[in-house]
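Asker: what shape does this take:
(one chain, ligands or ions: 3)
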Amino acid sequence: MKIAKVLINTSVKSLNKVYDYLVPEKMEQDIKIGKRVLVSFGKGRSDEEAIIVKIEEKTAEELKSYNYKLKEIIEILDEVSYINESRLKLAKYISFLYFCNVYDALKLMLPPGTKSKNTKKSLNTKQNTLVKLIKNQEEIMEDIENNVITSAKHIKLLTFLMYNDYVLINDIIDGLEISRQVINTVEKNGYITLEKVDIKPDFLTEFKVSPTEPKKPTPEQEFAIDRINSYIDSNEYKQCLLFGVTGSGKTEVYLQVIKRVLEKGKRAIVLVPEISLTYQTVNRFVSRFGNNIAILHSKMTVSKRKEEYKRIKNGEVDIIIGARSAIFAPVDNLGLVIIDEEHDGSYYSQTTPKYSTKEVASYICKENNATLILGSATPEISSFYKAQAGIMDIVTMENRPGTAVMPKIEIVNMKYDRVLGNTSDISLRLKEEIKKNIDKNEQTMIFLNRRGYLSYLRCNECSYIFKCPNCDVAFVYHKTSNLLHCHYCSHVERNVHKCPCCGSENISSSTIGTQRLEEELKEIFPGVTTLRMDADTTVAKDSHQKILDKFKNENINILIGTQMISKGHDIENVTLVGILGVDTMLGMDDYLSSERAFSNISQVSGRAGRAKLPGRVLIQTNDPDNYILNAVINNSYIEFYEKEIKHRKKFGYPPFIDIVLFEISGRNFYLVKSEIDRLYNILNSENTGIYKVFNPKAPFIQKINNKFRVNIIVKTKLNTNSYNKLYEKINIFSKTKKNGVNMVVTRNPIFIG
Ligand code: ADP
Ligand code: ZN
Ligand code: ZN
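Answerer: Ligands and ions are numbered 1, 2, ... in the order given. Sure, this is the predicted structure:
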């Protein structure tokens, strides 16, 4: 008889325990490691999903030796197994490194759309319905004003559609968290139509595939290519930082070294930050390698992603491009992994398992004797430190190809503007330069740091700031729709005319947002053409690209946007970049905030003058002597790095010390508080000084979606010894944890608070 050892998909208190089940004779043929099965587990519980991790042959004698009656597997859920021994090993590694269940780690490696049994049916029904507005904007606004439309959800859906001509119903259900029922009601009320459509099965057709030939490398590129090729030829694990200024031609280097990998009969994975923001980069790969590419990203339909997974698994493609989760694509014979814009925060998973893509990639490359390339103009401090310490190699590119030069960066001291009586958020200097650009028919990008430019609603009598009732955060005010949005729980409120605190109707919005900035520019420069790219205008599929295409093709004067406009695009006619609202970035207390500020501001600056026309950048600030800004003006990452690394060493932060963050959350404040105290005591008991436990602390946002949160930070140097100690404590706490609270543990989190 065969028995199967399985991991069960449930958060049972003892992590990662393996259970034995009998394999019925009729399943013996199909049973395989890595397949998911249904089993019954525990008394009175429903059937659970499980993954087979081992299969053993047992004699009748051996079966008798179990002191309980073995149950049979109920059903095999998968036709194909995506998990083999080496994937299991990877899952165990991830579970160990990031304090999570092996099962949670295995889920990362299953094909997309592989959900638990409850949702299994809905996966097969392809929902390809297009939602379109049939009333115009004015009519809808009127109906909102006149209380014809009153439901906040309906308003949310309709205002969203105003910015997006048409959207797939799934994108609305997932992205806006609006139910099918709500959509049906809005349809019945005559505002929208639902139209069945065939989704183009071939994702590649969405890219403009005009074949490109390799460019003749510059001397710096040639050096980089030769060096990386030598790693690839060595068939050994090598890791290298490709440290090249913005626009130095890193992408061309990637393209050429991939060619080498293919010649050797191996495969490559290319990771980019969020795909919708990096369309141009992906397009360059597709243009060079055509059909030999599979693309994986979360905005594709599930069925399309499944198809791509199959093509990869069957070895039909040699190059995989995708966002962070593509590192788990089932690739055989891997020769190279490239992580583009390696400093990007999206490479850190914010949900369990909270993994670092770079760490996982490094493990996978080691296992495969493959090369790992990290590319950036502004590497993470920890990555650059590794290069300095000789843990990885580094190749530097300091120049842009051809005649393109780095932009001239200037700091605008806003204090002078105040003295001169300018009360606008746009400085006199920036106005002057925008005017020049409009006259010369050159394009301008204006970047607003979102944190500094969210618009809040405030009572002018008692200074009350309108807050979400579920979360401890201020509402964001959207002027066109007169709606208050919560960016944490999607709660929406409407028609706010009165202060809930004092009843005053004297209410105004606190700072300008992208919308107000756009209006102001139109007032200052009558006839100017503008476009806006922010959370409002880009929820729909491909909307980023549509906006950028329009900006480029119609030679629109000014593009206004949040962080989103900083990512990988290359528009020749952009010669001026204005950066507003940096001050709130410069002064945050998170240890990574300076690094984020430097990289953000540098990346946006890098959008100017990427081709023949020289670029200029104006940064507005009240803090002109700030060291981060000064390093940006000097185009000097090294200057920034040297200050920052000293600071990290002095105050005990990564890469010198590791941080483990414990977050406890729950609806009952007192329970959360008593559990965090208990955790604190467990961590501190018999602590021989291998790690340091800090006092429990309320994070910056104390309540999200009606759940209270409290944190504990532990600082240590993570090694086997300290790690095992912490793991032990986590297990003690998990086993005794009260129902109603949740614990998440993050290793070197990118946000604390
Ligand atoms: P990065 O990825 O470093 O930001 P890109 O790869 O986007 O830089 O290159 C910037 C610009 O320079 C692009 O327009 C690209 O086509 C061009 N370019 C890159 N390499 C070369 C080369 N060897 N010769 C001419 N143009 C190049
Ligand atoms: Zn008030
Ligand atoms: Zn909320």
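Asker: what's the helix or strand for Arg87?
Answerer: Per DSSP states H and E, Arg87 falls inside helix 85-97.
Asker: can you name the next helix or strand after that helix?
Answerer: helix 102-107.
Asker: give me the number of residues near the residue in the stretch 251-400 of the chain positioned nearest to ligand 3?
Answerer: Closest to ligand 3 within the stretch 251-400 of the chain is Gln350: 17.2 Å, counting by Cβ to the ion. Backbone N, C-alpha and C define where each C-beta goes, glycine included. Residues lying near Gln350 (other Cβ atoms under 10 Å) number 11.
Asker: which of the three states applies to it?
Answerer: coil (DSSP: H, G, I helix; E, B strand; the rest coil).
Asker: buried set for the helix holding Arg87?
Answerer: Along helix 85-97, these residues count as buried under the neighbour rule (16 or more other Cβ atoms under 10 Å): Arg87, Leu88, Leu90, Ala91, Tyr93, Ile94, Ser95, Leu97.
Asker: tabulate those residues in JSON lines, adding columns for pLDDT.
Answerer: Shown next, in JSON lines, are these (pLDDT from 0 to 100):
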{"residue": "Arg87", "pLDDT": "93"}
{"residue": "Leu88", "pLDDT": "92"}
{"residue": "Leu90", "pLDDT": "96"}
{"residue": "Ala91", "pLDDT": "94"}
{"residue": "Tyr93", "pLDDT": "92"}
{"residue": "Ile94", "pLDDT": "94"}
{"residue": "Ser95", "pLDDT": "88"}
{"residue": "Leu97", "pLDDT": "88"}
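Asker: relative to Ile144, how far out is the closest residue to ligand 2 within the stretch 51-200 of the chain?
Answerer: Using Cβ to the ion, the single residue of the stretch 51-200 of the chain nearest to ligand 2 is Ala152, 22.1 Å away. Relative to Ile144, Ala152 is positioned 11 Å away (Cβ to Cβ, to the nearest Å).
Asker: and those two? Which one has more around it.
Answerer: For Ala152 versus Ile144, the count of surrounding residues by other Cβ under 10 Å is larger for Ile144: 20 against 17.
Asker: domain ranges for this protein?
Answerer: Following automatic domain parsing, the chain resolves into domains at 2-107, 127-198, 203-397, 408-450+516-648, 456-510, 658-747.
Asker: for the fourth one, what does the pLDDT average out to?
Answerer: Throughout domain 408-450+516-648, pLDDT has a mean value of 85.
Asker: what residue in the stretch 351-500 of the chain comes nearest to ligand 1?
Answerer: Pro401 (3.7 Å; Cβ to the nearest ligand atom).
Asker: before we move on, back to that, right, and the domains of the chain - which one's nearest ligand 1?
Answerer: domain 203-397 (3.2 Å).
Asker: now whichever strand or helix holds Gln545, how far from the chain's geometric center?
Answerer: Here Gln545, judged by DSSP H and E, is contained in helix 543-553. Put simply, helix 543-553 sits 22 Å off its chain's centre (Cα atoms, centre = their mean, to the nearest Å).
Asker: what comes up buried for it?
Answerer: Applying 16+ other Cβ under 10 Å to helix 543-553 flags Ser543, His544, Gln545, Lys546, Ile547, Leu548, Phe551, Lys552 as buried.
Asker: close to ligand 1: what parts of the stretch 401-550 of the chain are there?
Answerer: Within the stretch 401-550 of the chain, the positions lying close to ligand 1 (Cβ under 6 Å from any ligand atom) are Pro401, Gly402.
Asker: for the stretch 401-550 of the chain, which segments count as strands?
Answerer: Per DSSP state E, counting those that start in this stretch, the stretch 401-550 of the chain carries strands over the ranges 408-413, 443-448, 457-459, 476-478, 483-485, 492-494, 507-509, 530-533.
Asker: pull up the pairing partners for the second one, direction included.
Answerer: In other words, strand 443-448. Note on strand 443-448: by DSSP bridges, its sheet partners are strand 558-561 (parallel), strand 574-580 (parallel).
Asker: and that strand, how far out from the chain's middle?
Answerer: For strand 443-448 - counting by Cα atoms, centre = their mean - the centre lies 23 Å from the chain centre.
Asker: format the buried residues of helix 85-97 as CSV; extra columns: distance to Ile434.
Answerer: Below are the buried residues of helix 85-97 laid out as CSV (distance: Cβ to Cβ, whole Å):
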residue, distance to Ile434
Arg87, 54
Leu88, 58
Leu90, 51
Ala91, 53
Tyr93, 52
Ile94, 49
Ser95, 53
Leu97, 49
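Asker: list just the nearest of those residues to Asn16.
Answerer: Comparing the buried residues of helix 85-97 against Asn16 with Cβ to Cβ places Ser95 closest, at 6.5 Å.
Asker: need the contact list for that closest one.
Answerer: Leu15, Asn16, Asn101, Val102, Asp104, Ala105, Pro353 (Cβ atoms under 8 Å, 6 or more residues apart in numbering).
Asker: wait, is Ala50 part of a strand?
Answerer: Yes: residue state for Ala50 (three-state DSSP) corresponds to a strand.
Asker: surely it meets Val39?
Answerer: Yes: here Ala50 reaches Val39: they are 5.0 Å apart, a contact under Cβ atoms under 8 Å.
Asker: show me which of these two is the more surrounded one.
Answerer: Per other Cβ under 10 Å, whichever of Ala50 and Val39 has more neighbours is Ala50, with 26 against 19.
Asker: bridged to the more buried one, which residues?
Answerer: Under the criterion used (DSSP bridges), Ala50 bridges to Ile8, Val37.
Asker: can you list contacts of stretch 427-446?
Answerer: 410, 412, 414, 417, 420, 422, 424, 426, 517, 521, 524-525, 528, 551, 555-561, 565, 571, 573-580, 604, 607-608, 613, 616, 618, 620.
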